[in-house]
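A.B. asks: Fold the following and give me the result.
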Amino acid sequence: MTCFKTHLMTGAAALLTTATLTLAHGDVAPQPVDTASLPEVGEDWLTENPYRAEAAGEEVWAKAIDIGDSGYNQNCARCHGLQGVSGGLAPDLRFLEAEEYGDEWFIERFRTGYTQNGTTKMPAFGELLGQKAAWAIRTYVETRPDSDAMDAVSDELHAIRDQLKTYALDSTGADPDALKGRLSDIASNIDTLSGAPVADSVAYRAGNLIDGSSAAYDKAAETLTIGLSATQ
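C.D. replies: Numbering: from 1, shown residues only. Sure, this is the predicted structure:
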């Protein structure tokens, strides 16, 4: 709780000293989020994320992250930063604790927005996007990997990426189990800033793609290429 409060205060101070956010949402219409593939959550707004893996299962959790990724980057990134990395003009949501306290803060702000001195800094998204979209975005944000942890393994992931590209063309000598195991080991040591137990890192995603086929090696290499480029 203390960690996010510190970053929240920093973000609030920035809001008080800049007018940049005044137009941040006002000139962009909220983009709809397709949540049809997610389980229903009922009409009453919840106070705890129903799409976490321990509550909904890993398949639903992964689907929520994918949907939340799109929803966040279309509707939230302009103020809160691409991939959840804030530039300081708005709170960095990656630090919002992945527990009920953090959920309550997030869902209240999502539903009602934020107005300061009569100026809308953040619109109320609740009726516009709905509860399923809210929790999908929440799931995406809380699983963002720690940037410093990603930097620490960047060189090795680049090397694995190059290896996967080679195996996509010729898999002779490839050991898919060893590759999956190494990516899993790397992924397990990449923390989230929210305290969520699993970071949705490129190491995690790439490892889950490998099945020994050339197509899977190619897809895993592409996943690492895109993900590592985004962290530069």
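A.B. asks: On the three-state scheme, residue 115 is what?
C.D. replies: Applying DSSP: H, G, I helix; E, B strand; the rest coil to residue 115 yields a three-state assignment of strand.
A.B. asks: Just give the nearest non-adjacent residue to it, would you?
C.D. replies: Nearest in space to residue 115, with sequence neighbours left out and distances taken as Cβ to Cβ, 6 or more residues apart in numbering, is residue 121 at 6.7 Å. Every C-beta, even on glycine, is put in place using the N, C-alpha and C of the backbone.
A.B. asks: Check residue 179 too.
C.D. replies: residue 210 (5.5 Å).
A.B. asks: coming back round to it: for the residue nearest to residue 115, report the pLDDT, please.
C.D. replies: Residue 121 is assigned a pLDDT of 86 by the prediction.
A.B. asks: May I ask you to confirm that it belongs to a helix?
C.D. replies: No - under three-state DSSP, residue 121 sits outside any helix and is assigned strand.
A.B. asks: Do me a favour and average the pLDDT over stretch 202-221.
C.D. replies: 97.
A.B. asks: Next, the distance between the ends of it.
C.D. replies: 10 Å (Cα to Cα, to the nearest Å).
A.B. asks: hang on, the earlier thing: count the neighbours of the residue nearest to residue 115 for me.
C.D. replies: Per other Cβ atoms under 10 Å, the neighbour tally for residue 121 reads 18.
A.B. asks: Residue 100 touches residue 48, doesn't it?
C.D. replies: Yes - if you go by Cβ atoms under 8 Å, residue 100 and residue 48 touch, sitting 5.0 Å apart.
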